[in-house]
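Predicted coordinates and the sequence they were generated for:
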Amino acid sequence: MSEPEITRFADGDALAQSLSANVAGLLQSAVDADGAAFFAVSGGNTPRLFFRQLSAADIDWKKVTVTLVDERFVPPSSERSNQRLAAMNLLQDKAALAAFIPLYSDGMTADAAARDAALKFGEIGKPLDVAVLGLGTDGHTASWFPGSPDLGMLTDPQQGFQVMATEAPGQPETRLTLTLPPLMRAKNVILHIEGKQKRSVLENAMNSGPVEELPVRAILRRTERPLKVYWAP
Ligand SMILES: O=C(O)[C@H](O)[C@@H](O)[C@H](O)[C@H](O)COP(=O)(O)O
């Protein structure tokens, strides 16, 4: 396992400025190299400022496809929707030109929506260029939650499903989530965390111990290139 590369920033503003500039550079490099870039973002509260900064980046957004690392299985009109969060904060300004692959699909079951999203990923024809992950204080990333009966499948590096529906204790709705294989194959995996509590969760996760206890361990131990951590207290 290669140690993650942790960069500390004075505050969330400085982190958002650096992260958005670096992600914009990675996406444009992918467009320059392959003619397209494939980008997955997480939801939750942490990424808002990063999204807003990135939406103003002057890159070739019409050649970028954005998707979600995970989603609550609710319509985009819901306050709980990560698609809504991305639409309102990232897919604005210059980034409004990007293509978007949702995980939620109206009129489909969660399993059918997961299959549908995975089919669309396959049509992109390349692995993710950039995946930005968050971290819960319970050690979850994506929708890989401790105590979920699906955790073994979700974090199995050999299994063939890129997107799966999952239930987790304490989560009000079914989740859709990328599994470990598409994230570990991503060319650049970034973990964006803010606050001292999440830093200590990360330190603990970097120690030996079961994935079941802190599921972020699954990606810490499996990325093909060192995972980059952006952290602000
Ligand atoms: O749907 C979600 O909630 C996210 O994708 C999730 O994995 C998030 O990254 C962590 O829960 C951190 O969330 P906060 O940024 O709100 O702490």
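Arrived safely, thanks for sending. This is a predicted model, so every value here is computed, not measured.

near the ligand, anything from the helix of greatest length in the chain?
Longest helix in the chain, counting residues (DSSP state H): helix 12-34. No. With C-beta under 6 Å from any ligand atom as the threshold, helix 12-34 lies outside contact range of the ligand, at a closest distance of 11.1 Å. C-beta: built from backbone N, CA, C; applies to glycine.

who touches that helix?
The contact list for helix 12-34 (C-beta atoms under 8 Å, 6 or more residues apart in numbering) reads 7, 9, 36-39, 49-50, 52-54, 57, 59-60, 63-64, 126, 129-130, 132, 187-188, 190, 192, 194, 230-232.

For the helix or strand just after it, give me every contacting residue.
Using DSSP states H and E, the helix or strand that directly follows helix 12-34 along the chain is strand 37-41. The set of residues that contact strand 37-41 without belonging to it, under C-beta under 8 Å, 6+ apart, is 23, 26-28, 30-31, 47, 51, 63-69, 86, 90, 98, 124, 126-132, 178, 182-183, 186.

Sitting in helices, which of those do you find?
Helix and strand membership here follows DSSP H; of the contacts of strand 37-41, those in helices are 23, 26-28, 30-31, 51, 86, 124, 182-183.

could I get those as TSV with pLDDT?
Written out in TSV, the entries for the ones in helices among the contacts of strand 37-41 read as follows (pLDDT from 0 to 100):
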residue	pLDDT
23	98
26	98
27	98
28	98
30	98
31	98
51	98
86	98
124	96
182	97
183	96
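
Could I get the average pLDDT for stretch 158-167?
The average pLDDT within stretch 158-167 is 96.

Which residues belonging to that stretch are considered buried?
In terms of neighbour count (16 or more other C-beta atoms under 10 Å), stretch 158-167 has its buried residues at 161-166.

count of neighbours near residue 204?
Other residues near residue 204 number 14, with proximity taken as other C-beta atoms under 10 Å.

phi, psi of it?
In this entry, residue 204 is assigned phi and psi values of phi -60, psi -40 (degrees, to the nearest 10).

Return the residues in contact with it.
Neighbour list for residue 204: 139, 214 [criterion: C-beta under 8 Å, 6+ apart].

Could you check how far it is from the ligand?
For residue 204, the distance to the ligand equals 16 Å [C-beta to the nearest ligand atom, to the nearest Å].

Let's see the pLDDT reported for the closest residue to residue 6 other than its chain neighbours.
In space, residue 6 comes closest to residue 229 once its chain neighbours are excluded; the distance is 4.3 Å by C-beta to C-beta, 6 or more residues apart in numbering. For residue 229, the pLDDT comes out at 98.

What strands flank the helix or strand hosting residue 229, and is each parallel or antiparallel?
When elements are assigned from DSSP H and E, residue 229 belongs to strand 228-232. Paired neighbours of strand 228-232 in the sheet (DSSP bridges): strand 5-8 (parallel), strand 188-194 (parallel).

which residues touch the first one?
Residues external to strand 5-8 that are found in contact with it (C-beta under 8 Å, 6+ apart): 18, 202, 226-233.

In it, which residues are buried?
Judged by neighbour count using 16+ other C-beta under 10 Å, the buried positions of strand 5-8 are residue 6.

low-confidence ranges in this structure?
Within the chain, the segments meeting pLDDT under 70 span 1, 223.
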